[in-house]
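>>> Everything below, folded, please.
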Amino acid sequence: MLTPERHRIILDVLKDKQSVKIQELVDLTNSSESTIRRDLTQLEEEKYLKRIHGGAALLQGKLSEPNIIEKSAKNLHQKKLIAKEAASSIEEGDCIFLDAGTTTLQMVEYLPTEKELVVVTNGLTIIEPLMKKGLKTYLIGGFLKPITGAMIGRGALTSLEQYRFDKCFLGVNGIHHELGYTTPDPEEAALKLTALRLSREKYVLADHTKFGEIAFSKIAHLSEAKIITGYVDEDVLHQYGKNTAIKVVKE
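Okay, the predicted model is just below:
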């Protein structure tokens, strides 16, 4: 079978099923596993799909943005591990920015109450857990985006500019080795970029599903933040680790 025909079959299967195993493609195309692996690598480089463990998955739409409820239930165990690792970096006297997001929300549980700590956030859902822990908290102003519960827009940027941070912890929708960190909303991207600029130490908290994804709005280059993540393939770690530090959290 010629390469274009195999590529067409691979993409058709992905459009139908969202993800596919390598062995299934081997059977469908009567090709060797090494041939299919080369096909997947080429199609990933052309930004048609992303490779996942044992197969490939269709990329999400560049404007695709699940709501808080949808995101909260996905990969919860991995998010908790990432959040715990991120919280372990907090030091006495830190001023931190917690981005709106479901992994940063999980981080609140692990924030130390015995240390002096100031938290600034744009996440409406993060406020109540922070209050229950008794942590000194500032909520920035701006426009409330219902789908993510994030304060964004000009007012949020102006408010955020009043602070400086020892550390920031951000969520993103896409991490790509060439195109960097991305998110669907340009206004959220601008806020995250500002938080990066105002912070001494910068962390992106992301589970394995974010690798290879590309959303509409660029936040920053890969090198501008350290990534804390859960399980990732060795080849992904090698590819992305050339451009930034990656902490892989294990059980």
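>>> mind listing what's buried in the helix or strand residue 201 falls within?
Per DSSP states H and E: residue 201 is located in strand 199-205. For strand 199-205, burial by neighbour count (16 or more other C-beta atoms under 10 Å) applies to 199, 202-205. Quick note: C-beta positions are derived from backbone N, CA and C, even for glycine.
>>> what do you get for stretch 37-54?
Per 16+ other C-beta under 10 Å, stretch 37-54 contains these buried residues: 39-40, 43, 48-52.
>>> Give me the contact list for stretch 115-129.
Contacting residues not belonging to stretch 115-129 are listed as 68, 90-101, 104-105, 108-109, 111, 130, 135-140, 142, 144, 149-152, 156, 160, 163, 165, 191 [C-beta atoms under 8 Å, 6 or more residues apart in numbering].
>>> Let's verify the nearest residue to residue 3 once chain neighbours are set aside: helix, strand, or coil?
The spatially closest residue to residue 3, leaving aside those adjacent along the chain, is residue 39, at 7.1 Å (C-beta to C-beta, 6 or more residues apart in numbering). Taking DSSP: H, G, I helix; E, B strand; the rest coil as the rule, one finds residue 39 in the helix state.
>>> I'd say residue 39 and residue 8 touch.
No. Using C-beta atoms under 8 Å, residue 39 makes no contact with residue 8, being 10.7 Å away.
>>> mean confidence score for stretch 119-137?
Stretch 119-137 shows a mean pLDDT of 95.
>>> Then stretch 176-189?
95.
>>> Look at that stretch and report the distance between its end residues.
This stretch, stretch 176-189, spans 15 Å end to end (C-alpha to C-alpha, to the nearest Å).
>>> where's the closest residue to residue 89 other than its chain neighbours, which helix or strand?
Closest residue in space to residue 89, ignoring its immediate chain neighbours: residue 167 at 6.6 Å, by C-beta to C-beta, 6+ apart. If you go by DSSP H and E, residue 167 is part of strand 165-170.
>>> packing partners for that strand?
Using 3 or more C-beta pairs under 8 Å, 6 or more residues apart in numbering; DSSP states H and E as the contact test, the elements touching strand 165-170 are strand 94-98, helix 102-107, helix 186-197, strand 199-205.
>>> Return the most buried member of these.
Burial among the helices and strands packed on strand 165-170, expressed as mean neighbours by mean count of other C-beta atoms under 10 Å, is greatest for helix 102-107, which shows a mean of 26.
>>> and that one, what does it pack onto?
In this structure, helix 102-107 packs against helix 68-73, helix 76-87, helix 124-133, strand 165-170, strand 199-205, with contacts taken as 3+ C-beta pairs under 8 Å, 6+ apart.
>>> Try it again at 10 Å.
Here helix 102-107 touches helix 68-73, helix 76-87, strand 94-98, strand 117-121, helix 124-133, strand 165-170, strand 199-205, strand 226-229, going by 3 or more C-beta pairs under 10 Å, 6 or more residues apart in numbering; DSSP states H and E.
>>> care to break the protein down by domain?
The chain breaks down by the TED database into domains covering 3-58, 68-248.
>>> Mean neighbour count, these: which tops it?
Neighbour counts (mean count of other C-beta under 10 Å) averaged over each of those peak at domain 68-248, with a mean of 19.
>>> Bridged to the residue nearest to residue 89, which residues?
The bridge-partner assignment for residue 167, based on DSSP bridges, gives residue 96, residue 201.
>>> That one contacts residue 228, correct?
No. Residue 167 lies out of contact with residue 228 (C-beta atoms under 10 Å); the separation is 11.6 Å.
>>> Could I get the pLDDT score of the closest residue to residue 29 other than its chain neighbours?
The spatially closest residue to residue 29, leaving aside those adjacent along the chain, is residue 6, at 5.0 Å (C-beta to C-beta, 6+ apart). Each residue has a pLDDT score; the one for residue 6 is 94.
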